[in-house]
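> With the input below, show me the fold.
(one chain, ligands or ions: 1)
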Amino acid sequence: MSESPLVDAWYAARARRSHSMQIPGHKMRYGRAGLTSFAQDVLAPLLQDDIPLQGGADDNVFSGRVLEKAEKLWAEAIGADHARFLVGGSTQGNIAALTSVVAPGVTVSIDRTSHRSAHAGLVTSGATPRWILPRIHPEFGVPIGVNGADVDMEGAYALFVTSPAYVGTITDIAPLAEVCHRQNSVLIVDQAWGAHLDFLPGGGAHARGADVVTTSVHKALTGYSQTAVTSLKGTRVLPSTLSHGVDLTATTSPSATLLASIDATRVALLRDRGAHMALLIEATADARATLARVPRLVVLDDATLGCVMDPLKLTIWVPRTGTTGAAIAAELWQQGIGVEAADADTVIMTVSVADEPEELAQVVSALIAVIESQRTSPRIPAPAATWQIQPDVVLSPRDAYFAHRVRMPLRESIGHVSTEQFCPYPPGVPLLAPGERVTQQVVEAIEVAGKTTRMAYCSDPTATTIEVVDESRSP
Ligand SMILES: Cc1ncc(COP(=O)(O)O)c(C=O)c1O
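Numbers count the residues shown, from 1 in each chain. Predicted coordinates for the structure are as follows:
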């Protein structure tokens, strides 16, 4: 078998001079002479590499089986038994995993700080969540992993946890796997932020016993935006079962360009034998050491947090410098430096194999200069409400989602049951989710978060009204 079946097929399709009488409508050749200059100069360059899987990298009946071959090679590379490539991000993977593993009325123990897609997976699957919370660091207010002792698996068919968390903290998966497997339950891990872990010596969540794992290839690795993989290890979930969920949520017209970038990412990593990643891990450690010398700045790492931190995440905690993460991020953006996320207390930066150590050092210098220019007296920390939510659950997410709805001002909705998500993005963890009672605390959290981040996925973009369960029409 070729080392890179999908990549080879993509390049072959690009070189082939065929006369396409099928989609995509641009036929990979839009922009020939005679078209308007806009079509030629603007549209054509945008489309020229958009090669579909069907009728592009493979024929209409997939006789080359190039996707299947590439998925098999990915599974082998990460020590899984089965993998499915996704072009709907880890969002699709989480929805697919939950929809295939659990079912209406089945209990899943699930981290309440899960990404919104896991909450969506509860709506599609109809499963009953038993919410668990990760441990929160008492001083820095960030999640430091889900502890096996905090997980109640009594009667639960599956456990769903997120690791690494958005801030970069990693949960020890092995004890959770043990808790699950003792009673033959399924451990699902949202490893959206940790695709690189699968290529590091210790491995990722599968190596620590997870059954189903979803990773975003576009986040920590080098896939095109939207690319992700859901993979399976062991016999608790059948490949066909997982595929039901994947196929239910997948487009029927996937882009071979996106998919080939997953295949190419694997080959590039394997050929490099981890050398560049090791270099960047070292550069990240150097960056952390430099930042740790900045007075009153805290670098969140294994030592300060007391848990394992993603070696390619650079997360700082700023209240003692007097400024805010949001102010630092805004100034860095003006200087052409985008950070992964920032809130009042933290700034999160993602390092990847696409970085160079010298560039990272420059970013650190710019960051230090910004902190110094904004430095004032230490202020009281204002931890993100995202990690502190204690939901008052009234209905299952699915029942609330499909209930009759009525809109009302958010401030007047206290006591009512939400039918929708209010998600500060990033990190995309709902402050309020379908089936949860609106409380004074949640309304305040939505208002505060809305001042510094985009409040996403609520039906009113101003986040001042809400659709709640219409009790006059609900049984
Ligand atoms: C923990 C977590 N899971 C899943 C996702 C969804 O990933 P994607 O953007 O690849 O759909 C995100 C996105 O930020 C995330 O933070």
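
> Residue 329 and residue 339 touch, don't they?
Yes - using CB atoms under 8 Å, residue 329 is in contact with residue 339, at 4.9 Å. Yep, even glycine has a C-beta here, placed from its N, CA and C like the rest.

> which residues are in contact with both of these two?
Listed as contacting both residue 329 and residue 339 by CB atoms under 8 Å, 6 or more residues apart in numbering are residue 347.

> which SS class is residue 98?
Under DSSP: H, G, I helix; E, B strand; the rest coil, residue 98 falls in the helix class.

> residues in contact with it?
108, 118, 121, 122, 124, 125, 127, 158, 160, 188, 245.

> Quick check: of those residues, which lies closest to the ligand?
For those, the minimum distance to the ligand (CB to the nearest ligand atom) is 7.2 Å, reached by residue 118.

> For the closest one, what is the enclosing helix or strand?
helix 116-125 (DSSP states H and E).

> Which neighbouring elements make contact with that helix?
helix 89-101, strand 107-111, helix 397-402 (3 or more CB pairs under 8 Å, 6 or more residues apart in numbering; DSSP states H and E).

> How many residues are close by the closest residue to the ligand within the chain?
Closest to the ligand within the chain is residue 89: 2.3 Å, counting by CB to the nearest ligand atom. Using other CB atoms under 10 Å, residue 89 has 20 neighbouring residues.

> repeat for residue 37
Neighbour tally, residue 37, other CB under 10 Å: 8.

> how about the residues of the stretch 201-350 of the chain near the ligand?
Contacts of the stretch 201-350 of the chain with the ligand, taken as CB under 6 Å from any ligand atom, map to 216, 228.

> would you list every one of the strands in the stretch 201-350 of the chain?
Under the criterion DSSP state E, counting those that start in this stretch, the stretch 201-350 of the chain contains strands at 212-216, 228-232, 298-299, 313-317, 341-342, 346-350.

> And the next helix or strand past the helix holding residue 118?
Immediately after helix 116-125, counting by DSSP H and E, sits strand 128-132.

> so what does the helix or strand following that following strand touch, helix or strand wise?
Next helix or strand after strand 128-132 toward the C-terminus (DSSP H and E): strand 158-162. Helices and strands touching strand 158-162, by 3+ CB pairs under 8 Å, 6+ apart, are helix 89-101, strand 107-111, helix 173-182, strand 186-190.

> Other residues contacting strand 158-162?
97-98, 101-102, 106, 108-111, 113-115, 118, 127, 134, 146, 151, 153, 171, 173, 176, 179-180, 185-192.

> Okay, now the sheet partners of that strand, with direction.
strand 107-111 (parallel), strand 186-190 (parallel) (DSSP bridges).

> Could you dump these into JSON lines with distance to the ligand, mean pLDDT and mean neighbour count added?
Below are the strands paired with strand 158-162 laid out as JSON lines (distance: least, CB to the nearest ligand atom, whole Å; pLDDT from 0 to 100; neighbours: other CB atoms under 10 Å):
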{"stretch": "strand 107-111", "distance to the ligand": "10", "mean pLDDT": "97", "mean neighbour count": "24"}
{"stretch": "strand 186-190", "distance to the ligand": "5", "mean pLDDT": "98", "mean neighbour count": "28"}
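
> is it possible to export the ones you listed to a markdown table including distance to residue 396?
Converted to a markdown table, the strands paired with strand 158-162 look like this (distance: least, CB to CB, whole Å):
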| stretch | distance to residue 396 |
| --- | --- |
| strand 107-111 | 10 |
| strand 186-190 | 18 |
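
> Of all these, which one is nearest residue 196?
Nearest to residue 196, of all the strands paired with strand 158-162, is strand 186-190, at 14.6 Å by CB to CB.

> can you list the residues of the stretch 51-200 of the chain near the ligand?
89, 90, 91, 94, 115, 117, 162, 166, 190, 192.

> got the contact list for the residue lying closest to the fourth one once chain neighbours are set aside?
What sits nearest to residue 94 in space, not counting adjacent residues and going by CB to CB, 6 or more residues apart in numbering, is residue 117, at 4.1 Å. Taking CB under 8 Å, 6+ apart as the definition of contact, the neighbours of residue 117 are 89, 90, 91, 92, 93, 94, 95, 428.
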